[in-house]
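Novice: Return a 3D structure for these sequence lines:
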Amino acid sequence: MSSGAPRGNGQVVRLPRGASLSDFAEKINANPGSLVQEMFNLGEMVTATQSCTDDTLMLLGEHLGYDVQIVSPEDEDRELLARFNINLDAEVPRERLITRPPVVTVMGHVDHGKTKLLDAVRSTNVVEGEAGGITQHIGAYQVRVPHEGEERAITFIDTPGHEAFTAMRARGAEVTDIVILVVAADDGVMPQTIEALNHAKAANVPIVVAVNKIDVPNANPAKVRQQLTEYGLVAEEYGGDTMFVDISAKARINIDGLLEAVLLTADATLELTAPIDGPVQGKAIEAHLDRGRGPVATVLVERGTLRVGDSIVVGEAYGRVRAMLDEHGKPVAEAGPSRPVQVLGLTSVPDAGDTVITVPEDRVARQIAEQRQARERAAAQAASRGRATLETVLERIKEGEKATLTLILKGDGSGSVEALEDALTKIEVSDEVQLKIIHRGVGAITESDVNLASTSDAIIIGFNVRPEGKARELAERLNVEIRYYSVIYQAIEEIEAALKGLLKPEYEEVALGTAEIREIFRSSRYGNIAGCMVTSGVIRRNARARLIRDGVVVADNLTIGSLRRFTEDATEVREGFECGLTLGGYNDIQIGDTVENFEMREKPRG
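Specialist: Below is the predicted model of the structure:
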């Protein structure tokens, strides 16, 4: 080989996602320049410090005889935390474990009464504050219920029911012990009911079915039981092991029975224990930027006890717990396992679903968060850049010819922004147009968002947020369009319509009529005039035409120049009538030829 890169003998090289050739060279004690040369020999142009895709790293490894293993983000996290002597997988002695409350997620089809059920459970009203009566965030609440002579706590996670929130709903199922599947007794099983059921099955959690709206006239709870049998949920009364509870969330009927079913299911099928001391682990359920309080994350503690003053890392965000609030906005000094709290004091807004851990000191928290940020940045750069080959260059040139709708997404919560991005990227349109999301963030629309939109010709989508300060004036001055939405499917519909509007119009040929040439008149002024009989449809002046002789097209792309009935000019002549016409200067016509008249009409896009 022309370069001096050392050869491996099946030696394992572990590299993080988005590693550069310099990182690879360091692992095998090589000069980065030699790896750049090797890549060039393989037909790819990569610089030494550029983030590479997994494929590029593995290709180079195979070429040099190394077994390249890309470290998963989870493994990378473990290695990163191990450097700070933090072991999240350590076994906990049984005597340190306490019984924790079950974490319950309420799922089901839109409008089947999930939020009304939580209302009934908490005796507060959430629906009135929701745009279009649709839950827009994951919320977490804890309620206390008397059960078998003692007061027991149950934690509820409310995942939104609209289909665009699939991503958030899947995350809700990750931290869940039990799922309450709400099915309306009048509607029965609907598409999202099945989707929610699949999430619950994928998370391998027990299900309690709440058959809601039993007080409406056409309620049929037996039909719901029958329908769900097809999906493997067999009611206890039919000899199965799934508890079905008939309720009315609106009329507050049998809510106690449902909560009892949840606790019975938890006691019968789950061993819910967690250590109350040791390092805290948990999940960020939702996060948003509050104007007065800064980044606020809803955290569900899974292990340990979170206290005010703890140093905390949440995904790529870090900070010190400045204050904790419960679901009623009241301060909380500490939160044990299965307790949801709002945490204040983070430096940035984490993503919904991020892992929460506590560390001994602020310095460690900052280092972990910064290394995670650097890792994510490298992986994102590698993914966006891809492999620079001649084929990809040609692909980019082709992409330049496509119509592109560029968006910047800003929302009030990271879960909402992620769900909106997820839904928008799934919009199906033709290959001629593409959707590009160049930035997404949580909080008000800022001047930097407007400047970015101006330089990249993007539209800003504000989901439950508005511009701050002078951002609105700047947008008007730079002619940047900002669109505001409070209901997610309205945004999806409008973006889909905009994408379809970018498509070049498609035309289809529509036959108008045919005429047979019976006579030919020669004119020094007009050339050959065809004396015709219209045999079908209509012949229209200025419409497109083709000439057919013995079933073969002899001339296409002609235009009917003049059209007459006897001595009068005509706009159109119908079937069964005679006419005289010229074919826009085309004179090679014969008696017996057929003139086919047609027009091109724009095809509506589906």
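Novice: Quick check: phi and psi on residue 260?
Specialist: Dihedral angles phi and psi of residue 260 (degrees, to the nearest 10) take the values phi -60, psi -40.
Novice: Number of residues surrounding it?
Specialist: Counted by other C-beta atoms under 10 Å, the residues lying close to residue 260 total 18. Quick note: C-beta positions are derived from backbone N, CA and C, even for glycine.
Novice: Next, the contact list for it, please.
Specialist: 145, 147 (C-beta atoms under 8 Å, 6 or more residues apart in numbering).
Novice: Repeat the analysis, applying 7 Å as the threshold.
Specialist: The contact partners of residue 260, taken as C-beta atoms under 7 Å, 6 or more residues apart in numbering, are residue 147.
Novice: can you check residue 460 too?
Specialist: Contact partners of residue 460, counting by C-beta under 7 Å, 6+ apart, are 408, 410, 445, 449, 453, 480, 482.
Novice: Check residue 24 too.
Specialist: So residue 24 contacts 15, 35, 57, 60 (C-beta under 7 Å, 6+ apart).
Novice: Distance of residue 46 relative to residue 459?
Specialist: 34 Å (C-beta to C-beta, to the nearest Å).
Novice: Between these two, which has more neighbouring residues?
Specialist: Neighbour count, other C-beta under 10 Å: between residue 46 and residue 459, residue 46 has more, with 22 against 15.
Novice: Check the contacts of residue 24 against residue 324 and report the nearest one.
Specialist: Of all the contacts of residue 24, the one with the least separation from residue 324 (C-beta to C-beta) is residue 15, at 39.0 Å.
Novice: And the furthest pair within the contacts of residue 24?
Specialist: Using C-beta to C-beta, those span at most 12.2 Å, a distance reached by 15 and 35.
Novice: More neighbours: those two, which one.
Specialist: Legend: neighbour count by other C-beta under 10 Å for residue 15 and residue 35, higher for residue 35 (23 against 20).
Novice: does the more buried one count as helix, strand or coil?
Specialist: Look at residue 35: counting by DSSP: H, G, I helix; E, B strand; the rest coil, its state is helix.
Novice: so who does it touch?
Specialist: By C-beta under 7 Å, 6+ apart, the contact set of residue 35 is 5, 21, 24-25, 60.
Novice: Helices of the stretch 301-450 of the chain, start to end?
Specialist: 362-385, 390-401, 414-425, 447-456 (DSSP state H, counting those that start in this stretch).
Novice: Pull the residues that contact the shortest one.
Specialist: By C-beta under 7 Å, 6+ apart, the residues outside helix 447-456 that reach it are 406, 408, 410, 438-439, 460, 469-471, 474-475, 478, 480.
Novice: about what we covered before: worst average pLDDT in the helices of the stretch 301-450 of the chain?
Specialist: Between the helices of the stretch 301-450 of the chain, the one with the least mean pLDDT is helix 390-401; it has a mean of 52.
Novice: Farthest-apart pair in the contacts of residue 460, please.
Specialist: Spatially, the most separated pair among the contacts of residue 460 is 410 and 480, at 12.6 Å (C-beta to C-beta).
Novice: ok, now how distant is the residue lying closest to residue 21 once chain neighbours are set aside from residue 29?
Specialist: With sequence-adjacent residues excluded and distances taken as C-beta to C-beta, 6 or more residues apart in numbering, residue 21 is closest to residue 35, at 4.3 Å. Using C-beta to C-beta, residue 35 is found at 12 Å from residue 29.
Novice: swap in residue 94?
Specialist: To residue 29, residue 94 is 47 Å away according to C-beta to C-beta.
Novice: what does residue 99 give?
Specialist: Applying C-beta to C-beta to residue 99 and residue 29 gives a distance of 54 Å.
Novice: Looking at these two, which one has more neighbours?
Specialist: Between residue 99 and residue 29, residue 99 has the larger neighbour count (other C-beta under 10 Å), namely 14 against 7.
Novice: from what I can see that one touches residue 271, true?
Specialist: No - Residue 99 is beyond contact range of residue 271, at 8.8 Å (criterion: C-beta atoms under 7 Å).
Novice: got a list of what residue 151 touches?
Specialist: Residue 151 is in contact with residue 144, counting by C-beta under 7 Å, 6+ apart.
Novice: Just list whatever residues bridge to it.
Specialist: residue 146 (DSSP bridges).
Novice: longest single strand anywhere in this protein?
Specialist: Scanning the chain for the strand with the most residues, using DSSP state E, yields strand 506-523.
Novice: Partner strands of whichever helix or strand comes after it, with direction?
Specialist: Moving toward the C-terminus from strand 506-523, the next helix or strand (DSSP states H and E) is strand 527-540. Partner strands for strand 527-540, per DSSP bridges, with pairing direction: strand 506-523 (antiparallel), strand 572-574 (antiparallel), strand 578-581 (antiparallel).
Novice: Pick the most buried one from the ones you listed.
Specialist: Sort these by mean neighbour count, taking mean count of other C-beta atoms under 10 Å, and strand 578-581 sits at the top with a mean of 20.
Novice: Can you tell me, leaving aside adjacent residues, what's nearest to residue 461?
Specialist: What sits nearest to residue 461 in space, not counting adjacent residues and going by C-beta to C-beta, 6+ apart, is residue 409, at 5.1 Å.
Novice: need the contact list for the one you found.
Specialist: 417, 420-421, 437, 440, 461.
Novice: got those as JSON lines, with distance to residue 347 and neighbour count columns?
Specialist: JSON lines is the format used below for the contacts of residue 409 (distance: C-beta to C-beta, whole Å; neighbours: other C-beta atoms under 10 Å):
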{"residue": "417", "distance to residue 347": "19", "neighbour count": "25"}
{"residue": "420", "distance to residue 347": "24", "neighbour count": "26"}
{"residue": "421", "distance to residue 347": "23", "neighbour count": "17"}
{"residue": "437", "distance to residue 347": "24", "neighbour count": "17"}
{"residue": "440", "distance to residue 347": "19", "neighbour count": "16"}
{"residue": "461", "distance to residue 347": "26", "neighbour count": "26"}
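Novice: What is the nearest of those residues to residue 551?
Specialist: Relative to residue 551, the closest of those is residue 437; by C-beta to C-beta it sits at 53.9 Å.
Novice: what's the pLDDT at the closest one?
Specialist: In this model, residue 437 is scored at 87, pLDDT.
Novice: who touches the closest residue to it other than its chain neighbours in this structure?
Specialist: Once flanking residues are discounted, residue 437 sits nearest to residue 407: 5.1 Å by C-beta to C-beta, 6+ apart. Residue 407 makes contact with 435, 437, 458-459, 461 under the criterion C-beta under 7 Å, 6+ apart.
Novice: how near is residue 37 to residue 367?
Specialist: From residue 37 across to residue 367, the span is 35 Å (C-beta to C-beta).
Novice: got it, and residue 175?
Specialist: Using C-beta to C-beta, we find residue 175 at a distance of 27 Å from residue 367.
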